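Q: Sharing a model that was predicted from the sequence below.
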Amino acid sequence: MPKKRKSRGRDKGKRAGRIQRIQCSNCGKLVPADKVKKVTVWVSPVKGPLARELEKQGAIIYKQRVVKYYCINCAIFYGIVKVRAKEERKKKEPIRRFA
């Protein structure tokens, strides 16, 4: 059976043996740590308009860092990763995302 990518879609490198599996934040699927897509988002406990008003008054609003891990299927569905043509897949430069 032909394989689509030389690396089989993973970033294992020279590490030997099995790699820890991480659970997808969306669907719960167990995915190898080198294949998972990691997304870091800063979340504020205070909503937008209220936060702007408080910041005008000089209040400091702390934001919490939330790290989410997505399997490839969920990452494509949410637009974190784009499906690329065969020639574009061979390029080594990273994909630019607009968040």
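A: That came in fine, so what should we check first?
Q: Do a quick rundown of the strands in the chain.
A: Counting by DSSP state E, one finds strands in the chain at the ranges 21-23, 30-32, 37-43, 64-70.
Q: any idea how far the closest residue to residue 71 other than its chain neighbours is from residue 65?
A: In this structure, residue 71 finds its nearest non-sequential neighbour in residue 24, 4.2 Å apart by C-beta to C-beta, 6 or more residues apart in numbering. From N, CA and C alone the C-beta is placed, and that goes for glycine too. Computed with C-beta to C-beta, to the nearest Å, the distance linking residue 24 and residue 65 is 19 Å.
Q: Between the two, which is the more surrounded one?
A: residue 24 (19 against 8; other C-beta atoms under 10 Å).
Q: Low-confidence ranges, this protein, go.
A: For the chain, the stretches with pLDDT under 70 are 94-99.
Q: can you give me the helices for it?
A: Chain-ordered helices for the chain, with DSSP state H as the definition, fall at 48-56, 72-77, 86-89.
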